[in-house]
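> Would you be able to build a 3D model of this:
(3 chains)
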Amino acid sequence: MAVVTEYIRLSTKGNAEVVDITTQVQKHLSLCGLNAGIVTVSVVGSTCALTTCEYEPGLVKDIKDIFDKLIPAGPYHHDQAWGDGNGHSHLRSSLVGPSVTFPFRDAEMILGTWQQIIFIDFDNRSRQRELVVQILGE
Amino acid sequence: MAVVTEYIRLSTKGNAEVVDITTQVQKHLSLCGLNAGIVTVSVVGSTCALTTCEYEPGLVKDIKDIFDKLIPAGPYHHDQAWGDGNGHSHLRSSLVGPSVTFPFRDAEMILGTWQQIIFIDFDNRSRQRELVVQILGE
Amino acid sequence: MAVVTEYIRLSTKGNAEVVDITTQVQKHLSLCGLNAGIVTVSVVGSTCALTTCEYEPGLVKDIKDIFDKLIPAGPYHHDQAWGDGNGHSHLRSSLVGPSVTFPFRDAEMILGTWQQIIFIDFDNRSRQRELVVQILGE
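The predicted structure is shown next:
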């Protein structure tokens, strides 16, 4: 059993931009030489999140719309404390969650054909992001 | 440390059907011969999700109702793209999440008495599903 | 590769009380002697949940407010079954999720400066809670 740590770096425009990172995660997995185990991808920061979806333009719009409806931009108490106006970004991120974990076998993640790993940047401005890809396996 | 990959196959009617899979996950754990570690259960597909709840008929109805309220059936942009009318199924699944991970010790998952692992099929039709149970431990 | 199981015990007042457990998780990690791997923290029970946020008083209020808005107190079907009036506690917990997993390296979790691990007790009364900290690494 071994542990391999890799990183994915992204530039986003924020505002619920959805980035498909499946290929980048799989590339790290393919290069690490492990056959079976789990891969955990996690965000560094509290205004972005990870999950899966069918990555297609319609659904990418729907994701933005549903969060605008469920957790609209503020004012929130957080905005009053910091003045950065991104209280909604934090709340959305906490709800979706900071990490995802997937099994792999034969050096491939076991995902559906229409299931991509997505990073959502909920911040209200452009950001440089770093994700951690932690692979445990044999 | 070893990696064991198992599967759970389910037939569901979709429409937020909730299936308690605790016994099936624990059965794979009991048979694999490992004592301590973590078990990750993940879905294959983007219209279903995993979490935990107290599995009892009232709460199963409440889960269906709360998603009908928070993310009702469309039309969504996704529906216009594919015509399958399940945009809400995708959005609900992304929100709940595609996998869960639990610690185990003495070959038993550490869960509450009233805490069951549930699979929710949010698709808008009957489906055959396969879940992956990936066990890492010693 | 080794598995280390630790526990965190908490007293909460419920009602969406948010507890920052980052220091306690990191303390277990620092003491376990492992350098790289993943740490899974999980709840025992179905009326509480784990995620991350920037832990500051404004956002802690916002978290309480947004759940009061999205999933208000009942009546729910669950409440009719048990009479304990905490149907909303269960629904919120299922939505946020029962566990989180983070990578660590050089014996430190890789988190953002403004990203804390939070336990949310959604129950409608005071509770004694036990969380499991399962560390896998080398």
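
> could you give me the average pLDDT of the strand or helix carrying residue A:135?
Assigned by DSSP states H and E, residue A:135 falls within strand A:127-137. The average pLDDT within strand A:127-137 is 98.

> Quick one: list the elements packing against that strand.
Here strand A:127-137 touches strand A:2-12, helix A:22-32, strand A:37-43, strand A:48-53, strand A:116-121, strand C:37-43, going by 3 or more CB pairs under 8 Å, 6 or more residues apart in numbering or on different chains; DSSP states H and E. To be clear about C-beta, it is placed using only N, CA and C from the backbone, and glycine gets the same treatment.

> tell me which element the residue lying farthest from the centre of chain A falls in.
In chain A, the greatest distance from the average C-alpha position (CA atoms, centre = their mean) is reached by residue A:80, at 27.1 Å. In the assignment (DSSP H and E), residue A:80 maps to helix A:77-82.

> Would you mind pulling the contact partners of that helix?
Identification of contacts with helix A:77-82 by CB atoms under 8 Å, 6 or more residues apart in numbering or on different chains yields A:85, A:86, A:87, A:90, C:54, C:56, C:57, C:58, C:59, C:61, C:62, C:65.

> how about the worst-scoring helix or strand of chain A on mean pLDDT: buried residues?
None of the helices or strands of chain A scores lower by mean pLDDT, DSSP states H and E than helix A:77-82, at a mean of 87. Neighbour counts over helix A:77-82 (16 or more other CB atoms under 10 Å in any protein chain shown) mark A:77, A:78, A:79, A:81 as buried.

> Then stretch A:62-76?
For stretch A:62-76, by 16+ other CB under 10 Å, it's A:62, A:63, A:64, A:66, A:67, A:70, A:71, A:74, A:76.

> for that stretch, the distance to its chain's centre please.
Remark: stretch A:62-76 is offset 17 Å from the chain centroid, using CA atoms, centre = their mean, to the nearest Å.

> chain center to the helix ranked longest in chain A, what's the gap?
Counting by DSSP state H, the longest helix found in chain A is helix A:57-70. Distance, stretch centre to chain centre, for helix A:57-70: 15 Å (CA atoms, centre = their mean).

> Check which helices and strands it sits against.
Packing contacts for helix A:57-70, counted by 3+ CB pairs under 8 Å, 6+ apart, involve strand A:17-20, helix B:77-82, helix B:87-96.

> Just the angle for it relative to helix B:57-70, thanks.
Here helix A:57-70 runs at an angle of 100 degrees relative to helix B:57-70 (axes from the mean of the first three to the mean of the last three CA atoms, to 10 degrees).

> Just the CA atoms of helix A:57-70, as PDB, please.
Extracted in PDB, the C-alpha atoms of helix A:57-70 (Å, rounded to 0.1, in the frame of the first residue of the first chain):
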ATOM      1  CA  PRO A  57     -23.700  23.100 -20.900                       C
ATOM      2  CA  GLY A  58     -27.400  22.900 -19.900                       C
ATOM      3  CA  LEU A  59     -26.800  21.400 -16.500                       C
ATOM      4  CA  VAL A  60     -23.900  23.800 -15.900                       C
ATOM      5  CA  LYS A  61     -26.400  26.600 -16.200                       C
ATOM      6  CA  ASP A  62     -28.900  24.800 -14.100                       C
ATOM      7  CA  ILE A  63     -26.300  24.400 -11.300                       C
ATOM      8  CA  LYS A  64     -25.700  28.200 -11.300                       C
ATOM      9  CA  ASP A  65     -29.500  28.900 -11.300                       C
ATOM     10  CA  ILE A  66     -30.400  26.500  -8.500                       C
ATOM     11  CA  PHE A  67     -27.800  28.000  -6.200                       C
ATOM     12  CA  ASP A  68     -29.000  31.500  -7.100                       C
ATOM     13  CA  LYS A  69     -32.400  30.400  -6.000                       C
ATOM     14  CA  LEU A  70     -31.600  28.300  -2.900                       C
END
